[in-house]
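Student: Attaching a predicted model along with its sequence, questions to come.
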Amino acid sequence: MSESKENNRPRTSGWKITLRIMVPVLMVMALFGGMTFGYVVLGKQELSEVFEWSTWRHVYDLIFAP
């Protein structure tokens, strides 16, 4: 009886932990996949340019320019 009082904390399901890790990872993968698809397929640009910081800085400046 005293054993059940000591072990009172709720157990975290393995699925909850997996979801808390996998959902953000999948969201980041979808973001990069979408940016790559849009830049390469729709924009008809080179794949190597997708991974350059200057490319995304230029896109940011185009979107948020005053």
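Tutor: Alright, I've got the coordinates. Numbering: from 1, shown residues only.

Student: Need the pLDDT of R57.
Tutor: R57 carries a pLDDT score of 93 in this model.

Student: buried sites along the strand or helix carrying it?
Tutor: Taking DSSP states H and E as the definition, R57 sits inside helix 53-64. Buried residues in helix 53-64, counted by 16 or more other Cβ atoms under 10 Å: T55. Placement of C-beta: from N, CA and C, glycine included.

Student: which SS class is Q45?
Tutor: Assigned by DSSP: H, G, I helix; E, B strand; the rest coil, the conformation of Q45 is coil.

Student: Near it, how many other residues are there?
Tutor: Counted with other Cβ atoms under 10 Å, residues neighbouring Q45 total 13.

Student: That one: what's it in contact with?
Tutor: Applying Cβ atoms under 8 Å, 6 or more residues apart in numbering, we find Q45 in contact with Y39.

Student: Quick check on it: phi, psi?
Tutor: With angles defined as degrees, to the nearest 10, Q45 sits at phi -110, psi 170.
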